[in-house]
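A.B. asks: I'd like to go over a predicted model; first the sequence, then the structure.
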Amino acid sequence: MELEHKAYWALEFLNFDESLAGEKRKLQLLELEEMRMNAHESSKLYKEKVKAYHDKKLLKKEFKLGQRVLLFNSRLKLFPGKLKSKCFGAFIIKDVKPYGAVELFDPQSETPDKTWIVNGQRLKQYHGGNIERMTNLMFFQDT
């Protein structure tokens, strides 16, 4: 009872109308919701523009059966260095799948029927020349 009396006294002291305060609060909430919706729409438009820009920069690569290609290996980071090539192989295209997937096989491997499928964006056209595949064996001795 005493709490209600203090609240009534505070409202009367400040000349505060409850209905006007409620309406003002509703307007503030509606403005906040409108600002949130504008921010969401702005973010959506920005993402669409950035996606269109990046998609425009992608090069359309067309590969044919029997063509020789190099494979860009972005996952191999064992020995990072400026002079180390990130492309390897001289693989032959066995099949071109829809949506940019390409099936490759290695003509120098022991099993010629072993193939794998990679994303076409990871391939570069091979223009010729010999590729030396170097294998280094290191033996360590316990002293």
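C.D. replies: Nice, I can see it.

A.B. asks: Let me see the domain layout of the protein.
C.D. replies: With automatic domain parsing as the criterion, the domains of the chain are listed as 2-57, 68-125.

A.B. asks: what mean pLDDT does the first one have?
C.D. replies: Taken as a whole, domain 2-57 has a mean pLDDT of 83.

A.B. asks: chain center to it: distance?
C.D. replies: In terms of C-alpha atoms, centre = their mean, to the nearest Å, the centre of domain 2-57 is found 33 Å from the chain centre.

A.B. asks: follow-up on the earlier one: out of the domains of the chain, which one sits most buried?
C.D. replies: Across those, averaging neighbours per residue (mean count of other C-beta atoms under 10 Å) puts domain 68-125 on top, at a mean of 13. For every residue, glycine as well, the C-beta is placed using N, CA and C.

A.B. asks: Now do it: distance to the chain's middle.
C.D. replies: 21 Å.

A.B. asks: which residues touch K97?
C.D. replies: By C-beta atoms under 8 Å, 6 or more residues apart in numbering, the contact list for K97 reads 103, 117.

A.B. asks: what's the spacing between it and S43?
C.D. replies: Noted for K97: a distance of 35 Å to S43, by C-beta to C-beta, to the nearest Å.

A.B. asks: One more: L32?
C.D. replies: For L32, the distance to S43 - C-beta to C-beta - is 17 Å.

A.B. asks: for L65, same thing?
C.D. replies: From L65 to S43 the distance is 44 Å (C-beta to C-beta).

A.B. asks: Check K57 too.
C.D. replies: 22 Å.

A.B. asks: which helix is the longest one in the chain?
C.D. replies: Ranked by residue count, the top helix of the chain under DSSP state H comes out as helix 18-57.

A.B. asks: And the next helix or strand past that one?
C.D. replies: Remark: after helix 18-57, the chain's next helix or strand is strand 68-72, criterion DSSP states H and E.

A.B. asks: Summarise which helices and strands the next helix or strand after that following strand is packed against.
C.D. replies: Downstream of strand 68-72, the next assigned helix or strand under DSSP H and E is strand 87-96. Helices and strands touching strand 87-96, by 3 or more C-beta pairs under 8 Å, 6 or more residues apart in numbering; DSSP states H and E, are strand 68-72, strand 101-105.

A.B. asks: Right, I'll call it a day here.
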